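Q: sequence and predicted model, in that order:
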Protein chains: 2
Amino acid sequence: MDIDKLVKINILFDFYGELLTEKQKEVISLYYNEDYSLSEISENLNISRQAVYDNLKRSEKILISYEEKLKLVEKFEKKNKQIEEIYTGLVEIEKQIVSKQCSEYVPKIKNLKEICRELLK
Amino acid sequence: MDIDKLVKINILFDFYGELLTEKQKEVISLYYNEDYSLSEISENLNISRQAVYDNLKRSEKILISYEEKLKLVEKFEKKNKQIEEIYTGLVEIEKQIVSKQCSEYVPKIKNLKEICRELLK
């Protein structure tokens, strides 16, 4: 499977998954999170392979259309880039002050880095 | 109007507003952003005061139900608290190092604070 699509659908599912029906969630989760094939899902859920395929395509369309309207993943990813920037800045400062008179601030900086990591989870 | 509710609906509208119809967006925006009264909206849009009221209540319910499912505002606000924590930490470090040998790092820290402010916009 196209890895970019897999990542994209997984992220969209993470944001908007709760707007799908239980059946749609189940199928998309088996396919995209647990790497089941269409045939395996068909057997497991006792529905035709075509029904699995249609269900998947429908769910993908729904997820994509929510993102087109709300753009929350886009905003989230933009924010994450800025948090990474802060993290990188903190790493730089930490490296440079560790051998100087200000090394007492290293724990504080480590703490801020930890918050950045939390934010990026 | 209850200020907490005003803030809450405004935030929800900011996140999920694009999922409302054009008419719903118009009414909610006039009422919550531009502080029109029900009667003023009724006159402006040439619909009954009751229809304005029903439209508003319906939109509020929709916005609230999206948040109940997706909890994206909740996650966003949690992240903002952590960003504020980083900002506060940077302010502290800046204050303390400004008079020390490490004052050369003040511009870097100012830059990271600026990114925090961007994130909190």
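A: Sure, I can see it.

Q: so which helix or strand takes in the closest residue to A:Leu30 other than its chain neighbours?
A: Using C-beta to C-beta, 6 or more residues apart in numbering or on different chains and skipping residues adjacent in sequence, the residue nearest A:Leu30 is A:Tyr36, 4.3 Å away. In short, each C-beta sits where N, CA and C put it, glycine included. When elements are assigned from DSSP states H and E, A:Tyr36 belongs to no helix and no strand.

Q: so how many other residues sit close to A:Tyr36?
A: 18 (other C-beta atoms under 10 Å in any protein chain shown).

Q: I figured it hits A:Val27, correct?
A: No. The criterion here is C-beta atoms under 8 Å, and A:Tyr36 misses it with A:Val27 at 9.1 Å.

Q: which neighbours do the two share?
A: When contacts are counted by C-beta atoms under 8 Å, 6 or more residues apart in numbering or on different chains, A:Tyr36 and A:Val27 have no shared neighbour.

Q: tell me the domain boundaries of chain A?
A: Taking automatic domain parsing as the domain assignment, the ranges for chain A are A:3-70, A:74-120.

Q: now the end-to-end length of the shortest one.
A: The stretch domain A:74-120 measures 15 Å between its terminal residues, going by C-alpha to C-alpha, to the nearest Å.

Q: so what pLDDT did A:Val7 get?
A: What the model reports as pLDDT for A:Val7 is 88.

Q: name the SS class of it, please.
A: helix (DSSP: H, G, I helix; E, B strand; the rest coil).

Q: next, count neighbours for A:Glu43.
A: 13.

Q: element containing it, please.
A: Going by DSSP H and E, A:Glu43 is part of helix A:38-45.

Q: list the buried residues of that helix.
A: Neighbour-count burial for helix A:38-45, with 16 or more other C-beta atoms under 10 Å in any protein chain shown as criterion, is recorded at A:Leu38, A:Ile41, A:Ser42, A:Leu45.

Q: do the same with stretch A:61-80
A: A:Ile62, A:Leu63, A:Tyr66, A:Glu67, A:Leu70, A:Leu72, A:Val73, A:Phe76, A:Lys79.

Q: any chance of the residues you listed in TSV with pLDDT and distance to A:Gly89 as columns?
A: Shown next, in TSV, are the buried residues of stretch A:61-80 (pLDDT from 0 to 100; distance: C-beta to C-beta, whole Å):
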residue	pLDDT	distance to A:Gly89
A:Ile62	97	39
A:Leu63	97	34
A:Tyr66	97	34
A:Glu67	96	30
A:Leu70	96	30
A:Leu72	92	26
A:Val73	92	25
A:Phe76	88	20
A:Lys79	87	16
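
Q: pick out the most distant pair among these.
A: A:Ile62 and A:Lys79 (24.2 Å; C-beta to C-beta).

Q: chain B contacts on chain A?
A: Proximity of chain A to chain B, by C-beta under 8 Å from any C-beta of the partner chain, involves residues A:15-16, A:18-19, A:66, A:69-70, A:72, A:79, A:82-83, A:85-86, A:89-90, A:92-93, A:96-97, A:100-102, A:105, A:108-109, A:111-112, A:115-116, A:118-119.
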